[in-house]
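> have a look; sequence and predicted model below, questions after that.
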Amino acid sequence: METSINKSISHEAVIFIPGLSPQEKGVCLELISNGLSNLEDFSFEDKGEAQIQGYTGKRFCFYDKDNNISREIDIYEAYWQDLVAENKLSNKELKIKIFQGFGLFIDWIFSRVWKVVFEVSYSSVCFLISSLLMVFWYYGIVAIAMTTIGENHNFFGQSIPDDLAKAISLIANSMVNWQIWIIVSLILTFLPVEGIVDQFYFVTQYLRNDEEGISLRTKTRNRVIPLLNNLLSNYEKVTVVAYSFGVMISTDVLADYNPSTTQLIPLRYITLGGTLKFLSYKSVNLQKEIQKCLDNKVISNWIDYYSNQDWFGSKTPVPQKKTSIEIEFHKTPIDSSLWEKITGKTHFYYLFNPIWIKMLLKE
C-alpha cells in the first residue's frame, strides 16, 4: 500500500541537522532565513510556519526569474543540541573534571587523530590550537583542585595525611604564582575554552562503543529518524541538509536507513563544512559508514560543500572501494581574514550565505 501525500502542504521538504555550536531550537532556521537575503540569483518569500504532525518548520517560496522557476520548500530542523548541554564536562563536579578531563586527554593523545597534524592542513592548525587551549583548561582545573585539597583533606571522601596535604598545597601555590597562571587566567576568561572542552567531550562520548556511547548515539538518532520518516510520508521530495558535526550524525543515520514508507521517494543528501575527514582519524568505522551511505539505494545523490577558508570543516573523504553513487563536490571560496578562519567565523558561512539552496532549485 502506497503512502498518500498530504496535498495541503508543500511537495518538497528539507530536514536540517545542525552542528555542535550551542544554539536554541529554531536559531539555525532563523540564520538561514536571514542568510537567504544575501543571495542575488533569486528572490524568496517567507511564508511563515510549516507544520506536520508533531513538528513545526518554516515555509519559503523561491522565485528564479531567469529560469522561470517557482518552488515552495518547507525546512524543518532536527534539533539535538540540548543533548550537548546535558553532557557538559564543564558542569560536572571538580573531582569528576580531574579524572574525566585526564581521560579525555588520554583518549585523544593515543588516537589516530594526530595523523592530521602531519598533513600540515588547516584542520591540523585548529586541532593544535584547540589542544593547547585544553591543556590550559586542565592546568587551571588541577591548580584549583590542588588548592582545594590543601584546604580540605577530605576532598576525595577520605582524609589524607597532613604532610601530603601540605605538599599538595605548596605545589598548588607554586602553580598559581607562576607567570603562566596569569596567561592561563586570561585565556580562560576571554576565550570560549570550556565550550571547546565540552565539544571534545561530547564527540568522545558519541564515538565510544560502550553502553554510554551507544545510548548517546541512540538518543541523537531519535531526534532525526522520526522526523525524517514523517517527512517521507508527507512530501514528494525530501533533502537531508547537514552542517558541521551534524554531518557525522546524518551519515550515521543514513548509512543504515531504511524508510518505513513503501513509496520510493528521492532522498538527496547535502553536506556543509563536514567534519568527517577529521573524525575518520578518531573512528576507524567512519569510512565504512560513508561507504554504506553511498551504497544505500535510498539516497539518490550526495552533494558536499566545503571551503579551504573553512578551517573547522573539510572535504568529505571518498572511500577507496567503488560505490553506487559518487559524491558531487562544490568547492566554495569565502572572502575572509586570518582571524575569521582561526575563530571559526568562516565555518558559519554556509548558514549566513546558504548557496546550497540553489541546488534544490535546479532539480
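Yep, that arrived. Everything numeric in this text was worked out from a predicted model, so none of it was measured. Numbers count the residues shown, from 1 in each chain.

> drop to CA atoms for contacts and neighbour counts, all remaining ones
Noted.

> could you pull out the strands for the stretch 101-250 of the chain?
Secondary structure of the stretch 101-250 of the chain by DSSP state E, counting those that start in this stretch: the strands cover 237-243.

> domain assignment for the chain?
Under the assignment named as automatic domain parsing, the residue ranges that make up the domains of the chain are 12-80+223-362, 90-213.

> distance check, Cys61 against Asn234.
Noted for Cys61: a distance of 18 Å to Asn234, by CA to CA, to the nearest Å.

> let me fix that: Thr323
Distance of Thr323 to Asn234, given as CA to CA: 29 Å.

> same drill for those two, tell me which one is more crowded.
Between Thr323 and Asn234, counting by other CA atoms under 10 Å, Asn234 is the more crowded of the two (23 against 16).

> tell me the confidence at the more buried one?
Predicted confidence (pLDDT) for Asn234: 88.

> which residue packs closest to Asn34, ignoring adjacent ones?
Beyond its immediate neighbours in the sequence, the residue positioned closest to Asn34 (CA to CA, 6 or more residues apart in numbering) is Phe352, lying 7.1 Å away.

> let me fix that: Leu133
Ranked by CA to CA, 6+ apart and with sequence neighbours excluded, the top spatial neighbour of Leu133 is Val193, at 6.2 Å.

> now do Ser283
Leaving out its chain neighbours, Ser283 is closest to Leu207 (CA to CA, 6+ apart), at 6.9 Å.

> cool, Leu83 as well?
Thr220 (7.6 Å).

> neighbours around that neighbour, how many?
23.

> what's near enough to touch it?
Trp80, Leu83, Ile249 (CA atoms under 8 Å, 6 or more residues apart in numbering).

> just to revisit the earlier point, so the residue nearest to Asn34 touches Leu31, yeah?
Yes: look at Phe352 against Leu31 with CA atoms under 8 Å: they come within range, at 6.2 Å.

> quick one, which of the two is more surrounded?
Comparing Phe352 with Leu31 by other CA under 10 Å, the one with more neighbours is Phe352, at 20 against 16.

> Thr346 versus the more buried one, what's the distance?
In terms of CA to CA, Phe352 sits 10 Å off from Thr346.

> one more: Gly19?
In this view, Gly19 and Thr346 are 14 Å apart by CA to CA.

> more crowded one of these two?
Using other CA under 10 Å as the criterion, Gly19 and Thr346 rank with Thr346 on top: 26 against 23.

> so what's the gap between stretch 203-215 and the chain middle?
What separates the centre of stretch 203-215 from the centre of its chain is 15 Å, taken as CA atoms, centre = their mean, to the nearest Å.

> no no, stretch 32-40
On the basis of CA atoms, centre = their mean, the separation between the geometric centre of stretch 32-40 and that of its chain is 22 Å.

> name the surrounding residues that touch that stretch.
Under the contact criterion CA under 8 Å, 6+ apart, stretch 32-40 has outside partners Phe44, Asp46, Leu351, Phe352, Asn353, Pro354, Ile355.

> what strand or helix carries the last one?
When you say that, I think you mean Ile355. Using DSSP states H and E, Ile355 sits in no helix or strand.

> now the second one
Following DSSP H and E, one finds Asp46 within strand 43-52.

> who does whichever helix or strand Leu83 is part of touch, helix- and strand-wise?
Under DSSP H and E, the secondary-structure element containing Leu83 is helix 82-86. Using 3 or more CA pairs under 8 Å, 6 or more residues apart in numbering; DSSP states H and E as the contact test, the elements touching helix 82-86 are helix 193-207.

> which parts of whichever helix or strand Leu351 is part of are buried?
Remark: Leu351 resides in helix 349-352, with elements defined by DSSP H and E. Along helix 349-352, these residues count as buried under the neighbour rule (16 or more other CA atoms under 10 Å): Tyr349, Tyr350, Leu351, Phe352.
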